[in-house]
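**Q** Sequence and predicted structure are below.
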Amino acid sequence: MKTSPVPLATLLADLSDPSSQVRRQAITNIMRRRKERGLAFDSLLTLLNDPDYQVCKAAIKALETLDDARALPGLQVLLTDSHQRAQVRLLALRALLHVDHRQSLLHLLTALSDPGVLVRREAINVLSNQGDRRAIPALIAALGDADGDVRANAASVLGQLGDTRAVSALIAALGDAEMFVRTRAAGALGPLGDARAVEPLLALLGDAHWQVRANAARALGSLKDAHAVDPLIALLGDTDGGVRASAATALGQLGDVRAVEPLLALLGDAHWQVRASAATALGQLGDVRAVELLRALLSDPDADVAQQARVALAQVERSR
């Protein structure tokens with residue numbers, strides 16, 4: 001892109017022009033000058049308070065590009081200014097994370113209590129990639145956020161972090177009014193491995209939404225509690241294929257031979273995922289009663305099912 005022939009001094013003066021359009025264009029032209037744009041730092045900093053949103057937005061992005069730590073106080077003020085529009089605070093957060101990445105957790109925790117839902121969602125999304133357990137108390141608090149997306153994502157992040165401090169709050173989230181929050185909370189409780197979650201998850205097997213039932217079943221499989229065997233066997237008759245497949249997977253993890261006969265019946269299910277999950281579970285159980293039906297499944301029209309049957313047969317043979 002060609003450098004503007006306009007002298008830099010003129011462009012710097014344009015940053016104070018009464019016209020917001022002129023100010024915005026001046027920022028654009030200055031940032032094209034890679035060797036000189038740093039000279040505009042002080043002027044750009046003053047534009048963080050510009051009354052025009054587009055000018056303020058351009059100034060934030062310019063300061064993010066300059067990557068100068070001297071901008072941090074001004075950006076922090078923007079992030080905590082509840083009178084600013086949420087989009088400005090969101091841009092300030094992104095700039096802070098770029099310029100001050102070593103203090104990213106501090107900025108994210110600040111953003112988690114922002115009045116704007118867009119800012120809180122951004123904070124949760126970034127936290128999901130950081131794996132920082134120092135955020136756990138704030139994430140537990142976020143399970144009570146007014147926004148369902150924030151609550152759901154907070155549940156997911158807490159599951160990833162694997163800290164049992166979150167168990168009680170996640171169990172409470174199993175009663176959330178939003179289906180996807182209940183789904184994520186159930187999914188988070190499985191990896192935490194806490195027996196307190198067993199009974200609440202068993203109750204969730206009767207949820208009206210298949211996604212919730214499926215995640216509750218998978219979580220119970222991870223928890224490996226024998227009390228879940230009979231309810232999961234009953235769930236093999238669910239009307240939804242995804243739920244039946246999840247129940248079969250969980251029963252394979254639980255390793256109880258009471259599930260063998262019900263799982264054998266699923267090898268003829270209309271859904272390939274159910275047949276594959278049942279074959280996998282039977283291989284884990286290692287019961288010879290499965291041999292003949294697993295052999296028949298080797299000619300299944302679905303290649304994945306046939307492959308799972310082959311693996312399961314090998315497992316059963318090794319367990320003899």
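**A** Done, it's in.
**Q** Next up, the contacts around Gln25.
**A** Gln25 makes contact with Asp14, according to CB atoms under 8 Å, 6 or more residues apart in numbering. (C-beta placed from N, C-alpha, C; glycine too.)
**Q** mind listing what's buried in the helix or strand hosting it?
**A** Assigned by DSSP states H and E, Gln25 falls within helix 20-31. Buried residues in helix 20-31, counted by 16 or more other CB atoms under 10 Å: 20, 23-27, 29-31.
**Q** what's the answer for stretch 63-81, then?
**A** By neighbour count on 16+ other CB under 10 Å, the buried set for stretch 63-81 is 63-64, 66, 71-72, 74-76, 78-79.
**Q** Which elements pack onto the longest helix seen in the chain?
**A** For the chain, the helix reaching the highest residue count under DSSP state H is reported as helix 303-319. Where contact means 3 or more CB pairs under 8 Å, 6 or more residues apart in numbering; DSSP states H and E, helix 303-319 is packed against helix 272-285, helix 291-296.
**Q** Looking at Lys2 now. What's its pLDDT?
**A** Looking at Lys2, its pLDDT is 55.
**Q** coming back round to it: now the longest helix of the chain - C-alpha only, PDB.
**A** C-alpha atoms of helix 303-319 as PDB (Å, rounded to 0.1, in the frame of the first residue of the first chain):
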ATOM      1  CA  ALA A 303     -17.500 -49.500   7.900                       C
ATOM      2  CA  ASP A 304     -17.100 -47.900  11.300                       C
ATOM      3  CA  VAL A 305     -19.400 -50.400  12.900                       C
ATOM      4  CA  ALA A 306     -17.600 -53.300  11.200                       C
ATOM      5  CA  GLN A 307     -14.300 -51.900  12.500                       C
ATOM      6  CA  GLN A 308     -15.600 -51.600  16.100                       C
ATOM      7  CA  ALA A 309     -16.800 -55.100  15.900                       C
ATOM      8  CA  ARG A 310     -13.400 -56.300  14.800                       C
ATOM      9  CA  VAL A 311     -11.700 -54.500  17.700                       C
ATOM     10  CA  ALA A 312     -14.300 -55.800  20.200                       C
ATOM     11  CA  LEU A 313     -13.800 -59.400  19.000                       C
ATOM     12  CA  ALA A 314     -10.100 -59.100  19.600                       C
ATOM     13  CA  GLN A 315     -10.700 -57.800  23.100                       C
ATOM     14  CA  VAL A 316     -13.100 -60.600  23.900                       C
ATOM     15  CA  GLU A 317     -10.600 -63.200  22.600                       C
ATOM     16  CA  ARG A 318      -7.800 -61.700  24.800                       C
ATOM     17  CA  SER A 319     -10.000 -61.900  27.900                       C
END
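**Q** what's the most buried one of the helices and strands packed on helix 303-319?
**A** Highest mean neighbour count of those: helix 272-285, a mean of 25 (counted as mean count of other CB atoms under 10 Å).
**Q** the inter-axis angle of it versus helix 303-319?
**A** Taking axes from the mean of the first three to the mean of the last three CA atoms, to 10 degrees, one finds helix 272-285 and helix 303-319 inclined to each other by 10 degrees.
**Q** same question for helix 272-285, mean pLDDT?
**A** 97.
**Q** hang on, the earlier thing: okay, buried residues for the longest helix of the chain please.
**A** Under the neighbour-count criterion of 16+ other CB under 10 Å, helix 303-319 has 305-306, 308-310, 312-313, 315-316 buried.
**Q** Can I get those residues in TSV including distance to Gly131 and pLDDT?
**A** Below are these laid out as TSV (distance: CB to CB, whole Å; pLDDT from 0 to 100):
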residue	distance to Gly131	pLDDT
Val305	36	97
Ala306	38	97
Gln308	32	97
Ala309	37	97
Arg310	37	97
Ala312	35	97
Leu313	39	96
Gln315	34	95
Val316	38	94
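**Q** how about the residues you listed in a markdown table, adding distance to Ser128?
**A** As requested, these are exported to a markdown table (distance: CB to CB, whole Å):
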| residue | distance to Ser128 |
| --- | --- |
| Val305 | 33 |
| Ala306 | 36 |
| Gln308 | 31 |
| Ala309 | 36 |
| Arg310 | 37 |
| Ala312 | 35 |
| Leu313 | 39 |
| Gln315 | 35 |
| Val316 | 39 |
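**Q** For the closest residue to Asp17 other than its chain neighbours, give me its contacts.
**A** Among residues not flanking Asp17 along the chain, Arg23 sits closest, at 5.6 Å (CB to CB, 6 or more residues apart in numbering). Applying CB under 8 Å, 6+ apart, one finds that Arg23 lies in contact with 14-17, 47, 50, 52, 55.
**Q** if we go to 6 Å?
**A** Going by CB atoms under 6 Å, 6 or more residues apart in numbering, Arg23 touches 15, 17, 55.
**Q** Of those, grab the buried ones for PyMOL.
**A** In PyMOL, this line selects whichever of those come out buried by 16+ other CB under 10 Å:
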select buried, resi 15+55
